[in-house]
Structures are given as structure tokens and as C-alpha cells.
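J.: dropping the sequence and predicted coords here.
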Amino acid sequence: MSGKTGEVNWKSKPNFGHTFDTHGAGNKNLESLKGRSRTVNEVGETTEQGQWLDNQKSAEFLNSYGKVDKPTILDIPEGLGQVIKPSWDIASVTRSVILSNSKTGTLKTAYPVNDTFKLKE
């Protein structure tokens, strides 16, 4: 997922999907994720929303895993991510989920999750 210069480009949609547009660092995304955390989903629940705190460091970390062929939960370095709860409380977390395109192995999205997060079976 590195560019021609060998640098990881967190802005690359082919490499990172909507990971940083939706779950990236910054107040604009934080405000959007607060709203999403209070939105009731199709099963009638509100859900925590993950946010990366440093887009470049997060992209480099995700890049180190290469292609992922199925939904995967990873341990992430402390201070790299947080979750916004429906109450708008914010908690630091040390895990993330990666969702990929099963046909190509490319990343669709990745976001921080809490320690109790479980993948849907």
C-alpha cells in the first residue's frame, strides 16, 4: 500500500477505502461520529464509533498487515484510537477491526473498537 516514494499515503482510497474519510483524526470526523453513535441501526441499536487519532501513524500500522482476506481484529498501539459511545463519552482503545473486499483483499475500512467488540458470524 506504499506509493512510488515508498511512503504510505493515508489519503489513498484504493488502499484505505473510507477508513480515514469517516474514522480519521480531527474534529470534523469526531462530530460526525458523535452523531453516528446516537443513530439507531437496522436492528434498533445505537453503536459505538471508532476514530483514529493520527491518520499517518494509523495508515503505517495498517499497511504493516498487508492484504487481509476476512474481517480481522487487531491489537493496536496505545494512543492510536478511541471510541465514541452513544452517550458521547470517549474511551481510549487498543483494538481495531479491519474489513476487506473478500475478492481482492483490499481494505474497505478499518476503525478502532472496544475490548468487548466481537465480529458478526
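T.: Nice, I can see it.

J.: dump the helix ranked longest in the chain to CSV, restricted to CA.
T.: Counting residues, the longest helix found in the chain (DSSP state H) is helix 27-37. The C-alpha trace of helix 27-37 is given here as CSV (Å, rounded to 0.1, in the frame of the first residue of the first chain):
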residue,chain,number,x,y,z
ASN,A,27,-12.9,17.5,15.0
LYS,A,28,-14.9,17.3,11.8
ASN,A,29,-14.9,13.4,11.9
LEU,A,30,-15.4,13.5,15.7
GLU,A,31,-18.6,15.5,15.4
SER,A,32,-19.8,13.2,12.6
LEU,A,33,-19.0,10.1,14.6
LYS,A,34,-20.9,11.5,17.7
GLY,A,35,-24.0,11.8,15.5
ARG,A,36,-23.5,8.3,14.1
SER,A,37,-23.1,6.8,17.6
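
J.: which residues sit against that helix?
T.: For helix 27-37, contacts defined as C-beta atoms under 8 Å, 6 or more residues apart in numbering pick out 22-23, 46-51, 84-86, 88. Just so you know, the C-beta spots here come from the backbone N, C-alpha and C atoms, and that holds for glycine as well.

J.: again, but for stretch 78-92
T.: Taking C-beta under 8 Å, 6+ apart as the rule, stretch 78-92 contacts 30, 33-34, 37-38, 46-54, 57-58, 61, 93-94, 96, 111-114.

J.: among those residues, which are located in helices?
T.: 30, 33-34, 37, 57-58, 61.

J.: still on that earlier bit, quick one: buried ones out of the contacts of helix 27-37?
T.: Neighbour counting over these (16 or more other C-beta atoms under 10 Å) leaves 22-23, 47-51, 84-86 as the buried ones.

J.: quick one on the thing from earlier: can you tell me the average pLDDT over the longest helix of the chain?
T.: Mean pLDDT, helix 27-37: 96.

J.: same question for stretch 70-89.
T.: Rounded mean pLDDT across stretch 70-89 is 95.
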